[in-house]
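Chemist: what's the 3D shape of this:
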Amino acid sequence: MRKFITILFLASCCCFNPIAQAAEWVEISPNTYMDKSSYEYNSETKIARVWIKMINSEHSEMEKIIGKEVGHLVACEELDCARKQRRPISIVAYDTQSKILDSYDNPLSPWINIVPNSRFEPWYQLACDPKMTKD
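Modeler: Numbering: from 1, shown residues only. Now for the predicted structure:
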């Protein structure tokens, strides 16, 4: 029941949130995009919040977890620009027909170090770029 409510909540956010409808996806690495229109940066905490879309080949580990073929993922991530860390806030997995397969929502996720040359480093570099973080 909790999973159903979470999926229903996330689906309603996508349907009624003007930011989600006006997504401006910019490629940040192969098969990975950031929505520039929903970018947020807190200059006091030096934390950026971004929505990331990963197309199929970037998330085979998700397919192993849920046991279904994933078409793409959309994730809300926070990036700590001062400490070079990230944490997933929300993740929604879609099938190849863009139907929701599974979701994860945890605003209290622990912070994870961003490993150099990992797939998360381009996220950090773009979200924490001084041009993006200007008020």
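
Chemist: helices or strands up against the helix or strand where Ala93 lies?
Modeler: Assigned by DSSP states H and E, Ala93 belongs to strand 85-94. Applying 3 or more CB pairs under 8 Å, 6 or more residues apart in numbering; DSSP states H and E, we find strand 85-94 packed against helix 60-66, strand 72-80, strand 100-105, strand 112-113. For every residue, glycine as well, the C-beta is placed using N, CA and C.

Chemist: Could you list the residues in contact with the last one?
Modeler: The contact list for strand 112-113 (CB atoms under 8 Å, 6 or more residues apart in numbering) reads 84-87.

Chemist: Could I get those in CSV, plus columns for pLDDT and distance to Val115?
Modeler: What follows is the contacts of strand 112-113, written out as CSV (pLDDT from 0 to 100; distance: CB to CB, whole Å):
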residue, pLDDT, distance to Val115
Lys84, 97, 10
Gln85, 97, 11
Arg86, 96, 10
Arg87, 95, 14
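
Chemist: Make TSV from those residues and add distance to Val26 and neighbour count to it.
Modeler: Shown next, in TSV, are these (distance: CB to CB, whole Å; neighbours: other CB atoms under 10 Å):
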residue	distance to Val26	neighbour count
Lys84	21	15
Gln85	22	17
Arg86	18	23
Arg87	22	17
